[in-house]
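> just a sequence and a predicted model for now, questions to come.
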Amino acid sequence: MTRAGPAGESPRPGLVPRGMVRIEGGTFLMGSDSHYAEEAPAHRVSVDSFWIDVHPVTNRQFKRFVRDTGHVTFAERKPDPKDYPGAKPEMIYAGSLTFTPPDHPVDTRIFGQWWSFLRGADWRHPYGPGSHIHGLDDHPVVHVAYSDVLAYAQWAGKDLPTEAEWEFAARGGLEGAEFAWGDELTPEGRHMANTWQGHFPNENTMDDGFARTSPVGHYPANGYGLHDMIGNVWEWTADWYTDCHTADPAKPCCIPHNPRGGRIEDSLDPTMPEIRIPRKVLKGGSHLCTPQYCRRYRPAARHAEAVDTSTSHLGFRCVRRSER
């Protein structure tokens, strides 16, 4: 049995959990009909009140968890060949997907030209062997698979947000706004999140000051006082992925309350029928998002990620649910 860590005190009436913000429940317009197909249809959803971390879990916080529990992340363990039928034996090794920018323009339809499954890449070595997290204590932890974030949440006495909770929090009270801060990506030229500038994926001009992750809290908070809900790192949610939202916007009388996404069997990747690894919903976009390639730096945006996958641009934050 694991014990709650330093950030894991149970909330009591009148006590604000450390590093969290209380989001009062309500009804909001979830999704979008204006961008990627998986974000549609836009529909009204209601959620109960909850607490959510002010920022993504950092390397400092994750180090404390690992020290307390001895947890070994998915990326640090050699995969079981039975889970990957057809994979060559020489490809079965501990590692993680890592952004490796090419030195020349490439066809952006072939993402393998900037992603590499690097042996030895993990949360302690975010760019592969020889790299480290010294000086990155306040950056989001990355290279964490779904089992890792669940283990952390249990240790901290928390949970992972549903997609609806996450999106409600990310909007910061701005109904229907394009971004977490309004309708302009860079109002008056100001960067509001860590995203990509330049020609993706070979040239990052770093107009926002960062080539990869940035310290949490570097950019302005949204209307609820939350940092890094957009950009920096993608964030895991608790919901199984579906190709589109299942709610019917034509039935305003039937607003989903605390929806929990699709079914696990519907989350399987139809393009890989031989590998039955379920997928969860990711939210928020990352430092690799750009108008040129991936416009998912918006609250409504969503993406599928297999539960056995970790990457150099994927992290998480936690929630607590309680009665008033």
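All right, it came through fine.
> now residue 77. Nearest residue, chain neighbours left out?
residue 94 (5.8 Å; CB to CB, 6 or more residues apart in numbering). For every residue, glycine as well, the C-beta is placed using N, CA and C.
> what about the strands in this protein?
If DSSP state E is used as the criterion, the strands of the chain fall at 20-23, 26-30, 43-47, 50-53, 95-99, 115-119, 234-240, 279-283, 303-306, 314-315, 319-320.
> could you give the angle of the longest one to strand 279-283?
Pointing back at strand 234-240 there. 130 degrees (axes from the mean of the first three to the mean of the last three CA atoms, to 10 degrees).
> quick one: mean pLDDT over strand 234-240.
Averaged across strand 234-240, pLDDT comes to 98.
> then the last one?
Across strand 319-320, the average pLDDT comes to 98.
> what do you get for the fourth one?
For strand 50-53, mean pLDDT is 98.
> for it, packing partners?
Contacts defined by 3 or more CB pairs under 8 Å, 6 or more residues apart in numbering; DSSP states H and E place strand 50-53 against strand 20-23, helix 163-171, strand 319-320.
> next, the buried residues of that strand.
50, 51, 52, 53 (16 or more other CB atoms under 10 Å).
> tell me where the model's unsure across the stretch 51-200 of the chain.
For the stretch 51-200 of the chain, no stretch has pLDDT under 70.
> swap in 90 and give it another go.
Counting by pLDDT under 90, the stretch 51-200 of the chain contains low-confidence ranges at 79-93.
> that older thread, check contacts around the residue nearest to residue 77.
75, 76, 77, 78, 79, 119, 120, 122 (CB atoms under 8 Å, 6 or more residues apart in numbering).
> kindly report the same for residue 167.
Residue 167 touches 28, 30, 283, 299, 300, counting by CB under 8 Å, 6+ apart.
> neighbours around the fourth one, how many?
Read it as residue 299. If you count neighbours by other CB atoms under 10 Å, residue 299 ends up with 28.
> before we move on, what about the third one?
When neighbours are counted by other CB under 10 Å, residue 283 registers 25.
> wait, isn't residue 44 in contact with residue 253?
No: at 10.5 Å, residue 44 does not count as touching residue 253 under the criterion of CB atoms under 8 Å.
> who has more neighbours out of those two?
Neighbours per residue, other CB under 10 Å: of residue 44 and residue 253, the larger number sits with residue 44, 16 against 4.
> beta partners of the more buried one?
Beta-bridge pairing for residue 44 (DSSP bridges): residue 29.
> what's the pLDDT at it?
Note on residue 44: pLDDT of 95.
> quick one, what contacts it?
Residue 44 is in contact with 27, 28, 29, 30, 249, 252, 255, counting by CB under 8 Å, 6+ apart.
> can you list the residues you listed in JSON lines and add pLDDT and neighbour count?
Listed next are the contacts of residue 44 as JSON lines, based on pLDDT from 0 to 100; neighbours: other CB atoms under 10 Å:
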{"residue": "27", "pLDDT": "97", "neighbour count": "14"}
{"residue": "28", "pLDDT": "97", "neighbour count": "17"}
{"residue": "29", "pLDDT": "96", "neighbour count": "15"}
{"residue": "30", "pLDDT": "97", "neighbour count": "25"}
{"residue": "249", "pLDDT": "74", "neighbour count": "16"}
{"residue": "252", "pLDDT": "69", "neighbour count": "9"}
{"residue": "255", "pLDDT": "92", "neighbour count": "14"}
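> what's the closest of the residues you listed to residue 115?
The nearest member of the contacts of residue 44 to residue 115, counting by CB to CB, is residue 30 at 29.5 Å.
> who touches the spatially most central residue of the chain in this structure?
By CA atoms, centre = their mean, the chain has its centre lying nearest to residue 235, at 1.0 Å. Residues near residue 235 by CB under 8 Å, 6+ apart: 56, 166, 282, 283, 284, 314, 315, 316, 317.
> quick check on the residues you listed: which are buried?
Buried among the contacts of residue 235 (16+ other CB under 10 Å): 56, 166, 282, 283, 284, 314, 315, 316, 317.
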